[in-house]
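[1] with the input below, show me the fold.
(chains A and B)
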Amino acid sequence: MSFPWAEEYRPKNAFMRYLDDRLPLPRLVYNSVGGGYPVPRNLNYMWNFGVLAGLALVIQIVTGIVLAMHYNSNAETAFTSVEHIMRNVNQGWFLRYAHANGASFFFIVTYLHIFRGLYYGSYKAPREMVWMLGLVIFLLMMATAFMGYVLPWGQMSFWAAKVITGLFGAIPLVGEPIQNWLLGGYAPDQPTLTRFFSLHYLLPFVIAGVIILHIWALHIPGSSNPTGVDVKSPQDTLPFHPYYTAKDGFGAGLGMILLAILIFFLPNYLGDPVNYVPADPLSTPSHITPEWYFWPYYAILRAFTVDFILPAKLWGVLAMFASILLLFFLPWLDKGPVRSGRYRPKFRIFFWILMLDIAVLGWLGGLPAEEPYVMASQAATIYYFAHFLIILPILSAVERTLPLPLSISESVLGGEEAEAPPTDLSGTAPAQA
Amino acid sequence: MAAVELNEGAPPAAEEGGVRRRDFINIAAVSFAGVGGAVLLYPLLNQMNPSADILALAQIDVDIAAIQPGQAIKTIWRKQPIFIRNLTPAEIQAANAVDTGTLRDPQTLGERTREGHANWLITLGVCTHLGCVPLGAAEGENRGEYGGYFCPCHGSHYDTAARIRKGPAPRNLEVPEYEFTSPTAVRIG
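    Alright, predicted model coming up:
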């Protein structure tokens, strides 16, 4: 697909030749994830998380379809139908815990996948479209996870629906009509639950569609790699199968062990116990937080406490959405020609500060909205935006990067001494496809 | 990865039996994953079997004191109709007069009732052909040519022991598991 030396698909027998002439599906598979897709030979384990995220989506769809056979999207019976799944349905407890913890697993691997992209500059040309499609997938995941969390119709479900749709209520003029439109009423009720169930079932398939585009766009330039140096010759690559199927299989094994530990030993560790209380529109839980994977965004939302030209509520909502939408502009905010953080000593420091900042935001998002946590959230929020809007553009202009290896194979085969010419755009020339 | 490629020049050292360490790891890992995937299918398929709350409905107690000879009642067990019929002496005689050798599903009335309660014929009201509910339990319904039950869907005739006599049904109406908890009460299931 991407490089001229990619192995061509050769059907092994008469039937496969017959099929290949009429429906070249095996050819498509071979060229995408088989021996026909050449991949840089130096990928490290951080490159496992894309496949793991795909596996997580499959787990969510399979367990979700099965749970939908027993779940009841009726406000009167939704909560009891979840208890019915836990107590009556054969292995229902396993299926539900696999789905709930599968969501956390999905976010863990997706965050690591995104952080890998940030560190190794995977968002840079020519992979901007891959990056942006990935962000679309991430946004769809967040919407799907949120709506799924509403379905058990516990206290947290109910108040999550109320609060998250309330975000849209912050929009001037049209905010309240939009919120009522989303809820199908003035507060979460039967119409909300039914539409969230419908969309929660639909969106994973939309995600699967965007993943196909994500992989399609990726396979034009081919995978990035830890050096960030372009693939130059057949020596730089290995066929995806068996080399990376084996490596990804190993990673999948470790991932499944982690998921199994969560499901069988800590099934409710990542969840909020208050969601085992049925929804009550008359009483808000004393401490309300989203699931852990939304904590950093929740901290940003709550960091705005003062009206400044616009109301504080609107600032919080704008900042929360901006914190993700900002990433769509990342390929143009960081225009440095060197992709990999490995050869950007100063970027590397700021990258780890950003990771720490996000971890702090996540920690604060799970805490009550009290001092000193609010002030800490404000500082961490300011740093988050400063990283992308101030530090990265300046860094990419002034940073003196380390010498790049001549090629991937040079770097792999101990040729680190042989240096590439000084940094210019030669390191980012597109592969000769 | 590099080491892999470098070794390719020289033939890999074959261990005993010509099986390389790598072949073993490959086969073991793929087999393990395959078995794991197959095991996962069990909960995914078994969840469609009747759940615990459904199985909890699998036993019912019925008071049969009010059923007069010649009458029958319909009740529900596992969401399926059950016929409980108090046979008249004439019906019992008619059922016992049949030569079981001529039947499609040979059974005597004695085998289809409990000892000492030969007048109580308790069967599922589900035709063994394709599952319709036969007529004949309620007053005035068509009881078919043999005076038992008649299935209107495809014309199966059952006799007074609810045995198939004519029509497409392959077996007699099924007798569920039951026991008399007192002379006038049965527990089905």
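
[2] is it true that residue B:155 touches residue B:165?
    No - between residue B:155 and residue B:165 there is no contact under C-beta atoms under 8 Å: 11.5 Å. For the C-beta atoms, the positions are set from N, CA and C on the backbone; glycine is no exception.

[3] neighbour-wise, which of these two wins?
    residue B:165 (21 against 14; other C-beta atoms under 10 Å in any protein chain shown).

[4] does the more buried one belong to a helix, a strand or coil?
    Per DSSP: H, G, I helix; E, B strand; the rest coil, the secondary structure class of residue B:165 is strand.

[5] distance check, it against chain A.
    From residue B:165 across to chain A, the span is 40 Å (C-beta to the nearest C-beta, to the nearest Å).

[6] buried ones in the helix or strand hosting residue B:22?
    Using DSSP states H and E, residue B:22 sits within helix B:21-46. Applying a neighbour-count criterion of 16 or more other C-beta atoms under 10 Å in any protein chain shown, one finds B:43, B:44 buried in helix B:21-46.

[7] show me the shaky parts of chain B.
    Within chain B, the stretches with pLDDT under 70 are B:1-17.

[8] can you list the domains in the chain?
    Just going to use chain A. The record's domain split for chain A, according to automatic domain parsing, is A:38-288, A:295-406.

[9] nope, chain B please
    B:2-46, B:54-188.

[10] can you list those domains in TSV and add distance to residue A:339?
    Written out in TSV, the entries for those read as follows (distance: least, C-beta to C-beta, whole Å):
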stretch	distance to residue A:339
domain B:2-46	22
domain B:54-188	58
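
[11] and these, which is most packed in?
    Greatest average neighbour count among the domains of chain B goes to domain B:54-188 (a mean of 17), per mean count of other C-beta atoms under 10 Å in any protein chain shown.

[12] could you find the closest non-adjacent residue to whatever residue of chain A ends up closest to chain B?
    Nearest residue of chain A to chain B: residue A:91, at 3.6 Å (C-beta to the nearest C-beta). Sequence neighbours aside, residue B:43 is the residue nearest to residue A:91 in space, at 3.6 Å (criterion: C-beta to C-beta, 6 or more residues apart in numbering or on different chains).

[13] go on, residue A:49?
    Closest to residue A:49 by C-beta to C-beta, 6+ apart is residue A:113, at 3.8 Å.

[14] ok, that neighbour - how many residues close by?
    21.

[15] residue contacts, it?
    When contacts are counted by C-beta atoms under 8 Å, 6 or more residues apart in numbering or on different chains, residue A:113 touches A:49, A:50, A:52, A:53, A:134.

[16] ok, 7 Å please
    Residue A:113 is in contact with A:49, A:50, A:53, counting by C-beta atoms under 7 Å, 6 or more residues apart in numbering or on different chains.

[17] list the buried ones in stretch A:18-35?
    For stretch A:18-35, by 16+ other C-beta under 10 Å, it's A:20, A:27, A:30, A:31, A:32, A:33, A:34, A:35.

[18] what of stretch A:63-77?
    By 16+ other C-beta under 10 Å, the buried positions in stretch A:63-77 come out as A:63, A:64, A:66, A:67, A:70, A:71, A:72, A:73, A:75.

[19] and the pLDDT for the closest residue to the last one other than its chain neighbours?
    The shortest distance from residue A:75 to any non-neighbouring residue, by C-beta to C-beta, 6+ apart, is to residue A:190 (4.5 Å). Looking at residue A:190, its pLDDT stands at 96.

[20] again, but for residue A:305
    For residue A:305, the pLDDT comes out at 85.

[21] surely it touches residue A:371?
    No - with contact defined as C-beta atoms under 7 Å, residue A:305 does not reach residue A:371; the gap is 10.3 Å.

[22] of the two, who's got more company?
    Legend: neighbour count by other C-beta under 10 Å for residue A:305 and residue A:371, higher for residue A:305 (14 against 7).

[23] and the residue positioned nearest the centre of chain B, helix, strand or coil?
    Central residue of chain B (C-alpha atoms, centre = their mean): residue B:174, 8.5 Å from the mean position. Under three-state DSSP, residue B:174 falls in the coil class.

[24] ok, and the closest non-adjacent residue to it?
    Nearest to residue B:174 is residue B:124, by C-beta to C-beta, 6+ apart, at 4.4 Å.

[25] so who does that neighbour touch?
    B:80, B:82, B:173, B:174, B:176.

[26] farthest pair within the residues you listed?
    The most widely separated members of these, counting by C-beta to C-beta, are B:80 and B:173 (11.5 Å).

[27] the stretch 151-300 of chain A against chain B: which residues are in contact?
    Selection of the stretch 151-300 of chain A residues close to chain B by C-beta under 7 Å from any C-beta of the partner chain yields A:238, A:243, A:249.
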